[in-house]
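1. Predicted coordinates and the sequence they were generated for:
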Amino acid sequence: MFSLSARFRKSRTPGVEGTVYYVIKQGKSERNITGNIHGIDQSVMSDAKERIAFDLMTIYCVIESIFQSDNKIELDDIVEACASAILKTNPFEERIKNYRGKYPVSYDIAKVPKLFYDKFEPKRSISINHIDKSGLIGYLSYLIDEYNAEGKHFVQSLRNTQLSLLKYLKNTEKPLSSISHSFISGYNTYLSKRVSPSTVSFYLRVLRTVLKRAEQENLLPMSFHWPSEIKTTILRNSPTTEIYALDVKTIHRIDRMNLSCDKSLELARDAFMFGFYAQGMEFIDVANLRTDNLKDNVLTYRRRLKGKVRNVVLGNRALAIISKYHDDNNDYIFPILQRKRSYAYSTVKVEIAASLKKIGQMLNLLHSLTFSMNIYSWQSIIRKTNITELFIS
């Protein structure tokens, strides 16, 4: 468990403003993060309370996002990720704003300073034996506690899905005994209007897994069955995903952007373009590519989501990107998972997502730029291209 606090450091130079900094403590170890809030004296802690609370919420979100992803994560890794979120791009900004100044916090993950108690809503852990399993939200809490005790990584997926369902249900409970075809269809429609197809697929897959478990415990109606028309997989070449596909002109614009002044944006763009040139790749596959996956110009890897082996012949553009990041001291093709310190996958995924979103904003794209768009775009462009015409002069 972590302990968070905010403190004021007075400047040693007369007349110069001091700085608010944050302390993250884990056991007897603690690290500091210097923020960008300044003031002449201690009164800034009250004057800038809202801004300081927002930074504390950001730190909590970072810790929560990686808490279950790697039990061996080091405090220095967490601090570096928190500093990036506070001082650079904050991937949790919209989520925090949605709670309108009062963020839910689990004391099993981190404690917040007393001065900011009114900015957080404590959610203490409930004993598994005392959780009401009759409702969908309660049953999810039951599974979260159970999986958390067993150290299973699926916990974070359950938490994310629980938050999504709470929004759909408008913070009410849904009795498992009333789960029906219409409920699943309604949730699917709700998601489809708000998130990308890949995210819809994620939430539906988790929900289906949860309901299968509930069915085994005889908590669902005997008549319940998962609607056959609600698919939990993504049809990459389905016309319904066209709105998330980019045209050739936009792909060129992304590829030709000069991002050398911001290495994080440049890495995110290059990983995205490599995924496109490699005939569409998931981020988890790109991040985990190692040098031994490449023989000459043939890339061979096993898809982590489906386990299938893919062989892709790479062209000059994809090979140029690989050459750009070649490092004899790095086993990975891209410096995503292996940097100065070892990063948790969930941490870099958040960073890359935030960088791509910023790139999309720079280009004024209609939809937020996401990594999965490289797959939709590849499928869409290939489907619309008459390959025969390419051989006719």
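-> Received it, and whenever you're ready, just let me know what you need.

2. where along the stretch 1-150 of the chain do the helices fall?
-> 44-47, 49-67, 75-87, 93-98, 136-149 (DSSP state H, counting those that start in this stretch).

3. so where do the strands sit in the stretch 201-350 of the chain?
-> 294-295, 298-302, 309-313 (DSSP state E, counting those that start in this stretch).

4. contact partners of the shortest one?
-> When you say that, I think you mean strand 294-295. Strand 294-295 has contacts (C-beta atoms under 8 Å, 6 or more residues apart in numbering) with 300, 314, 322, 333. From N, CA and C alone the C-beta is placed, and that goes for glycine too.

5. Leaving out the residues flanking it, which one is nearest to the third one?
-> With C-beta to C-beta, 6 or more residues apart in numbering as the criterion, I322 has its nearest non-adjacent residue at 5.7 Å, and that residue is I333.

6. Put together CSV for the contacts of strand 294-295, with distance to Y203 on each row.
-> Formatted as CSV, the contacts of strand 294-295 follow (distance: C-beta to C-beta, whole Å):
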residue, distance to Y203
T300, 32
L314, 33
I322, 34
I333, 31
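
7. What's the PyMOL line that selects buried ones from these?
-> A single PyMOL command selects the buried members of these (16 or more other C-beta atoms under 10 Å):
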select buried, resi 314+322+333
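
8. Find the residue at the geometric middle of this protein.
-> Nearest to the centroid of the C-alpha atoms of the chain, with distances taken as C-alpha atoms, centre = their mean, sits V350, at 4.3 Å.

9. want to try JSON lines for the strands of the stretch 201-350 of the chain, with distance to Y277 and mean pLDDT as columns?
-> Formatted as JSON lines, the strands of the stretch 201-350 of the chain follow (distance: least, C-beta to C-beta, whole Å; pLDDT from 0 to 100):
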{"stretch": "strand 294-295", "distance to Y277": "13", "mean pLDDT": "94"}
{"stretch": "strand 298-302", "distance to Y277": "10", "mean pLDDT": "93"}
{"stretch": "strand 309-313", "distance to Y277": "9", "mean pLDDT": "92"}
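
10. wait, which of those is closest to I137?
-> Across these, I137 has its closest neighbour in strand 298-302 (36.2 Å, C-beta to C-beta).

11. quick check: angle from the closest one to strand 309-313?
-> With axes from the mean of the first three to the mean of the last three C-alpha atoms, to 10 degrees applied, the angle from strand 298-302 to strand 309-313 works out at 160 degrees.

12. packing partners for strand 298-302?
-> Packing partners of strand 298-302 (3 or more C-beta pairs under 8 Å, 6 or more residues apart in numbering; DSSP states H and E): strand 309-313.

13. For R7, which of the strands of the stretch 201-350 of the chain is the nearest?
-> Short answer: strand 298-302, nearest of those by C-beta to C-beta, at 46.9 Å.

14. ok, that closest one: who's next to it in the sheet?
-> Strand 298-302 sits in its sheet next to strand 294-295 (antiparallel), strand 309-313 (antiparallel), going by DSSP bridges.

15. Pull the distance from that strand to the chain's centre.
-> What separates the centre of strand 298-302 from the centre of its chain is 25 Å, taken as C-alpha atoms, centre = their mean, to the nearest Å.

16. Can you point out the buried residues in that strand?
-> Those buried within strand 298-302 under the rule 16+ other C-beta under 10 Å are 299, 301.

17. For the residue nearest to the residue nearest to the centre of the chain when sequence neighbours are not counted, give me its contacts.
-> The spatial neighbour of V350 that comes closest, neighbours along the chain excluded (C-beta to C-beta, 6+ apart), is P91 at 4.7 Å. Going by C-beta under 8 Å, 6+ apart, P91 touches 85, 350-351, 353-354, 357.

18. Just give me the closest of the residues you listed to F154.
-> In terms of C-beta to C-beta, no member of these lies closer to F154 than V350, at 18.3 Å.

19. Next one, pLDDT for L75 please.
-> pLDDT recorded at L75 is 82.

20. quick one: it and R31 touch, right?
-> Yes. Contact criterion C-beta atoms under 8 Å: L75 and R31 qualify, at 5.8 Å.

21. Which residues are in contact with each of the two?
-> I24.

22. before we move on, back to that, for the helices of the stretch 1-150 of the chain, give me CSV that also has mean neighbour count and distance to K174.
-> Conversion of the helices of the stretch 1-150 of the chain to CSV gives the following (neighbours: other C-beta atoms under 10 Å; distance: least, C-beta to C-beta, whole Å):
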stretch, mean neighbour count, distance to K174
helix 44-47, 15, 42
helix 49-67, 21, 24
helix 75-87, 19, 33
helix 93-98, 13, 21
helix 136-149, 20, 4
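
23. May I see the ones you listed arranged in a markdown table, with distance to N258 as well?
-> A markdown table is the format used below for these (distance: least, C-beta to C-beta, whole Å):
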| stretch | distance to N258 |
| --- | --- |
| helix 44-47 | 38 |
| helix 49-67 | 29 |
| helix 75-87 | 22 |
| helix 93-98 | 26 |
| helix 136-149 | 45 |
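
24. what about those helices, which gets the closest to I284?
-> Closest among the helices of the stretch 1-150 of the chain, using C-beta to C-beta: helix 49-67, at 15.4 Å.

25. contacts for that closest one?
-> 2, 4, 6, 20, 22, 24, 33, 35, 37, 45, 73, 77-78, 81-82, 85-86, 90, 92-93, 95-96, 101, 103, 105-106, 109-110, 112-113, 115-116, 119-120, 156, 344, 346-347, 350.

26. List buried residues within those.
-> 2, 4, 6, 20, 22, 24, 33, 35, 37, 45, 73, 77-78, 81-82, 85-86, 90, 92, 96, 103, 105-106, 110, 112-113, 116, 119-120, 156, 344, 346-347, 350.

27. Ramachandran angles for G101?
-> phi 90, psi 0 (degrees, to the nearest 10).

28. same deal with L220?
-> phi -100, psi 160.

29. ok, it - how many residues close by?
-> Applying other C-beta atoms under 10 Å, we find 19 residues neighbouring L220.

30. R213 is in contact with that one, correct?
-> No. Applying C-beta under 8 Å as the test, L220 and R213 come out as separate, 9.9 Å apart.

31. related to what we said a few turns ago, out of the contacts of P91, which are inside helices?
-> Counted as lying in helices by DSSP state H, out of those, are 85, 350-351, 353-354, 357.
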